[in-house]
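Asks: generate coordinates for the sequence data below:
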Amino acid sequence: MPIVQISSAPASDLLISSPETFQTVPASLKNAAGYKGGYYGLGLEDGKVAHWVAIWESDEFRQKFGADPASAEAIEQLKKGIAGPPTRIGFNSSTDPTAALTSPAVEIATFTAKGGESDKLLSLVGELAKGLEASAGIHKPIVYGPTVEDANKVVLLAGWDSAEAHQAVVKGGSLSGVFGQITAIADFTVGHSALKATA
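Replies: This next block holds a predicted model:
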């Protein structure tokens, strides 16, 4: 399964004013073994949160690049795009994330089990994903999986026609049952971003 790494942070003025500056990734990353491509963009809610997504064949390749001095070039580019410390998570994607990441509005949701019920949480997020895939405005497939850093965290990426399309499904209440089960055992964060592929 591919590893999806998401780095998020407050966006720098440079990224907000000139996002095209960050479309080309350093050659050291582009040519790294196991690197499958990346995406970047700003949060749709306020346009002030930056997201970078990198796809790796496996966590072994991701970790190897992170330990390579050549990764410093990519880190320096990332620093120019952020105005605060980044959060970085990687998760084992359930399937190819391309459809979600190339949609007009990418939902990025993170669920954290409160009492260590990681297996139950993963199962419930799977039910949620199945229900969302039957919704209007969705770009299938939805991808989700536990983070490699913490099995109690599960990330879900869903592609939508718009953030409003997602909000309409939430307001419709068809998935309130399974979502209620999730929130009973987990905290969550959710946001949306319009991502562009890096070159």
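
Asks: contacts and neighbour counts: CA atoms only from here.
Replies: Fine.

Asks: how is the protein divided into domains?
Replies: What automatic domain parsing lists as the domains of the chain is 3-92, 98-192.

Asks: and the shortest one, end to end?
Replies: End-to-end span of domain 3-92 (C-alpha to C-alpha, to the nearest Å): 5 Å.

Asks: sorry, back to before: any chance of CSV for the domains of the chain, columns distance to Thr198, mean pLDDT and mean neighbour count?
Replies: Shown next, in CSV, are these (distance: least, C-alpha to C-alpha, whole Å; pLDDT from 0 to 100; neighbours: other C-alpha atoms under 10 Å):
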stretch, distance to Thr198, mean pLDDT, mean neighbour count
domain 3-92, 5, 93, 18
domain 98-192, 11, 95, 18
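
Asks: chain center to the helix ranked longest in the chain, what's the gap?
Replies: Criterion DSSP state H: the longest helix present in the chain is helix 118-132. Chain-centre distance of helix 118-132: 17 Å, with C-alpha atoms, centre = their mean, to the nearest Å.

Asks: same for it, what does it pack against?
Replies: For helix 118-132, the packing partners by 3 or more C-alpha pairs under 8 Å, 6 or more residues apart in numbering; DSSP states H and E come out as strand 138-146, strand 153-160, helix 176-185.

Asks: distance to Gly37 for the ones you listed - can I get that in a markdown table?
Replies: What follows is the helices and strands packed on helix 118-132, written out as a markdown table (distance: least, C-alpha to C-alpha, whole Å):
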| stretch | distance to Gly37 |
| --- | --- |
| strand 138-146 | 16 |
| strand 153-160 | 16 |
| helix 176-185 | 31 |
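
Asks: minimum distance to Ala197: which of these has it?
Replies: Nearest of those to Ala197, taken as C-alpha to C-alpha: strand 153-160 at 14.5 Å.

Asks: can you give me the strands for the protein?
Replies: Here the chain has its strands, by DSSP state E, at 3-10, 35-43, 49-56, 87-92, 105-113, 138-146, 153-160, 186-197.
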